[in-house]
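>>> Sequence below, structure please.
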Amino acid sequence: MKAICIIGSPRSKGSSGIIIDRIIEGMKEVSIDSCRYCLGNMNINYCIGCKKCYEDGGICVQKDDMDIIMKDLFEADIIIIASPSYWGDITGQLKVFFDRNTPYCDTNEKRISIPKGKKGISVAIRAGQTDRENLHIIETIEHYYGHLGIKPVGSLSIRGIDTVEDLYKNKEEIDKAYELGKNIINLL
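Okay, here's the model as predicted:
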């Protein structure tokens, strides 16, 4: 079994990255292999709206790091996407990634279909104390999953985390991420 973990943050070692790393540690305990990508470290251009992917069998004209990520996404059984809250929504990096998935979207008749049976998990992190923004982020990630035929099977909402230091002070949230990774097999 293989998982792809996508950090929709500009920072690889920020709160989202730390949470993903704990999920990965939990998955290792149950022998789930994983790969980890931080979109902030990737060269991913924004969609230029040329619609060539609608004409050319779902192939995007841009050649950048999307090809690397999508290869692993195609091979993965589990997709885990994490995003911190930026102005109450997903990050710009994650939005660009979603937009660049147009060649695989079910609204594109000439799409390249994602292999069936994949499961998705959403992770949202915010500084505020309520779940409202995180629920919106999770809903956005699950909307993406829906258009690619990925079945959402779980989510993690973490509140009250503005800095990495806040996260380390809140061991309970870090432990939740580890337990999610360790118990992911039960969600499939």
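>>> tell me the contacts of the nearest residue to Thr102 once chain neighbours are set aside?
With CB to CB, 6 or more residues apart in numbering as the criterion, Thr102 has its nearest non-adjacent residue at 5.5 Å, and that residue is Cys53. C-beta here means a position set from N, CA and C on the backbone, and glycine is covered the same way. Residues in contact with Cys53 (CB atoms under 8 Å, 6 or more residues apart in numbering) are Ile59, Cys60, Val61, Thr102, Pro103, Asn108, Lys110, Arg111.
>>> Going along the chain, name the strands of this protein.
2-7, 33-38, 78-84, 119-125, 151-158 (DSSP state E).
>>> Can you check what pLDDT the model gives the nearest residue to Val96 once chain neighbours are set aside?
Leaving aside its sequence neighbours, Val96 sits nearest to Tyr46 (CB to CB, 6+ apart; 4.8 Å). Model confidence at Tyr46, given as pLDDT, is 96.
>>> how near is Tyr46 to Gln93?
10 Å (CB to CB, to the nearest Å).
>>> Ile81 too?
11 Å.
>>> what does Asp33 give?
From Asp33 to Gln93 the distance is 24 Å (CB to CB).
>>> do the same with Met27
23 Å.
>>> which one of these two has more residues nearby?
Set side by side, Met27 and Gln93 show more neighbours around Met27, with 25 against 21, by other CB atoms under 10 Å.
>>> Could you find the closest non-adjacent residue to that one?
Met27 sits nearest to Gly181 (CB to CB, 6+ apart), 4.3 Å away.
>>> Point me to the residue sitting farthest from the middle of this structure.
Taking CA atoms, centre = their mean, the residue of the chain most remote from its mean C-alpha position is Glu55, at 27.4 Å.
>>> which residues does it contact?
Lys110.
>>> now swap in Gly181 and tell me
Arg22, Ile23, Ile24, Glu25, Gly26, Met27, Lys28, Glu29, Val30, Ile32.
>>> ok, now with 6 Å
Ile23, Gly26, Met27 (CB atoms under 6 Å, 6 or more residues apart in numbering).
>>> for the one residue sitting closest to the centre of the chain, which residues make a bridge with it?
By CA atoms, centre = their mean, the mean C-alpha position of the chain lies nearest to Ile81, the distance being 1.7 Å. Per DSSP bridges, the residues bridged to Ile81 are Ile6, Ser122.
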